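# Everything below, folded, please.
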Amino acid sequence: MTKTYTRHDIYEQLYGEIMTLQRKPGSTLRENALCEEFGVSRTPIRSVLQELRIAGLIEVTPYKSTRVTRLDFDTISQQIYLRVAVETAVLLDFFDVCTPEQMQQLYARNQALRRQAEQPTPDPAAFYRMDGRLHEFWFIATGKNQLWQLIQTNQNSYSRFRMLDLVEARNFAEIVNEHDALLQAVERRDADAVRALCAQHLYGGVTRLGDALPTKFADYFVPGTRWPAHP
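Alright, predicted model coming up:
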């Protein structure tokens, strides 16, 4: 049977395809092609495109084109900077409440990530979701649930950058190993190591993609991007 798509279905599919880079930054979205793809009229397609525009995922030039927004490396860099500052502070607070049982849960979550990484073809989207649940743990444990939600807000550019790291670098095992080192530092209450390892981990995508950013992936970013030195 041919699937009947609702407006919500269409939004969720396009949102997912943009966030996982199946629809690449800078690529064109054409109303006619989308109507044909989903078997709907222009009305729901235009409504969905408006929602994606509000979410910052597409940009519309009237009477010309609709494109997936390119990544802004300056914004991404500032979001990483913020994430490092906030998450390091939360991890240090976690020292005061951390129990052996909680550490076991964290190692179990990272082991689940390791199993995903060891698959013949790891699923970047599944890995991304599981990674988020691991990081979320210490926010919840320290009563900073709202802070976790806050730093997830307006993260579409950073999230797509992280997906670029997973889709292209595919260094899943390195990310899991970084988690192990970070968890071990937390377990022994080593504040200096936590500070260093948290920064290394959150800046990891910049390091892993390295020189490919201004060369292989230059078209994914806004024109005139200034590429800072690696942290």
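
# Near residue 97, how many other residues are there?
By other CB atoms under 10 Å, the residues close to residue 97 number 11. All C-beta atoms are positioned from the backbone trio N, CA, C, and that covers glycine.

# For it, give me its contacts.
141, 142 (CB atoms under 8 Å, 6 or more residues apart in numbering).

# Report the secondary structure state of it.
coil (DSSP: H, G, I helix; E, B strand; the rest coil).

# For it, grab phi and psi.
phi -120, psi -10 (degrees, to the nearest 10).

# which non-adjacent residue is nearest the residue nearest the centre of the chain?
What sits nearest the mean C-alpha location of the chain, by CA atoms, centre = their mean, is residue 159, with 2.5 Å. Nearest residue to residue 159 in three dimensions, chain neighbours excluded: residue 19, at 6.1 Å (CB to CB, 6 or more residues apart in numbering).

# What does the one you found show for phi and psi?
The phi and psi torsions at residue 19 (degrees, to the nearest 10) take the values phi -70, psi -30.

# List of residues touching the helix or strand containing residue 131?
Using DSSP states H and E, residue 131 sits within helix 124-141. Contact with helix 124-141 is made by 16, 20, 87, 90-91, 94, 97-98, 102, 105-106, 109-110, 112-113, 116-117, 145, 147-148, 159, 162-163, 166-167, 170, 172, 175, 179, 186, as judged by CB under 8 Å, 6+ apart.

# Pull up the distance across stretch 200-212, start to finish.
19 Å (CA to CA, to the nearest Å).
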